[in-house]
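Participant: next one to model:
(one chain, ligands or ions: 2)
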Amino acid sequence: MTQELNQMDAQKYLQAMGLGPVWHLRNPETLAATPEVAPEMPSPLVDVAEEKNPPAVDIAQQEPVRDVTPVQVKQLLTEDMSWEVLQETVAACQACRLCQGRQKTVFGVGDQKARWLFVGEGPGYNENIQGQPFVGTAGQLLDNMLNALGLKRGEATYIANVVKCRPTDDLGKDRPPSADEIAACLPYLQRQIALIQPEVIVALGKTAAIALLGLSPETPVGQLREKVHHYQSLPLIVTYHPAYLLRKPADKAKAWADLCLARSSLGDSAA
Ligand code: URA
Ligand code: SF4
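Facilitator: Ligands and ions are numbered 1, 2, ... in the order given. Model prediction:
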């Protein structure tokens, strides 16, 4: 492929991600080394704040949680558990309080033999209804990020979350999962990773990064970017969560640099 063609393709992809036509592709190394970008960048996507949130769920009306500890979830998952059984186990799971308000568990979507695994935080309002990950406005941006890499949802990619049920606050709004909810649900993601064996993992935001790397919740995403981490032996790249990028579009250029780093780490297993 000629240099010129590469540039043309890259422009198309960057545009799909909401980075064009203002931005020109630079060498990924240069881009990574140049974190400051122009402050105003038009985004074709609406702000996540516009996503609807339903009224609070009355959890007092619901069944009590079955008494299963995170350790028991781990024990439940055997080394030979198939994808199908794992999926059914998640659909019936009551190992943490998040089962109480859920409409649907969100297992993940995509190719079970994906080269790329994208990991988000947990289902939001729309995902809880549809049972699919990243279907809201953040999902549109994630799709654009995939397009920018020449990828498509479901083809060579898998999209999952750290927790499979939607965390909500007292007002029924989305919130990040707590440490005990993450601990309860993480074994499912770990089993998904063991079955998929992706060539690269992209942690979308802090929750995914700290859960998969076992870090302190205080660690800022900014400190984790621009390096190749490893989950077991698999390369893992940390970037911003698409919902954050919708609020702060100026950081999309940094996210693109992260995706370029992920692409160059494909298949670089440390094993
Ligand atoms: N945000 C996430 O982290 N995951 C989703 O599935 C949707 C929004
Ligand atoms: Fe089970 Fe995970 Fe849902 Fe908690 S969030 S109930 S651990 S599937």
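
Participant: partner strands of the helix or strand in which Val238 is found, parallel or antiparallel?
Facilitator: Element membership for Val238, per DSSP states H and E: strand 234-239. Paired with strand 234-239 in the same sheet, following DSSP bridges, are strand 200-204 (parallel), strand 229-231 (antiparallel).

Participant: excluding residues flanking it in the chain, which one is nearest Val163?
Facilitator: Gly122 (3.9 Å; CB to CB, 6 or more residues apart in numbering). C-beta coordinates here come from the backbone N, C-alpha and C atoms, glycine included.

Participant: same check on Ala160?
Facilitator: Using CB to CB, 6+ apart, the nearest residue to Ala160 is Gly108, at 3.6 Å.

Participant: I'd guessed the one you found sits against Val163; true?
Facilitator: No - using CB atoms under 8 Å, Gly108 is not in contact with Val163, being 11.6 Å away.

Participant: do any residues in stretch 83-96 lie close to ligand 2?
Facilitator: Yes - using CB under 6 Å from any ligand atom, we find that stretch 83-96 touches ligand 2 at 90, 93-96.

Participant: narrow these to those in strands?
Facilitator: Among the residues of stretch 83-96 next to ligand 2, none falls in strands (DSSP state E).

Participant: distance check, the closest residue to Gly136 other than its chain neighbours against Trp83.
Facilitator: Using CB to CB, 6+ apart and skipping residues adjacent in sequence, the residue nearest Gly136 is Asn126, 4.3 Å away. Separation of Asn126 from Trp83 (CB to CB, to the nearest Å): 25 Å.
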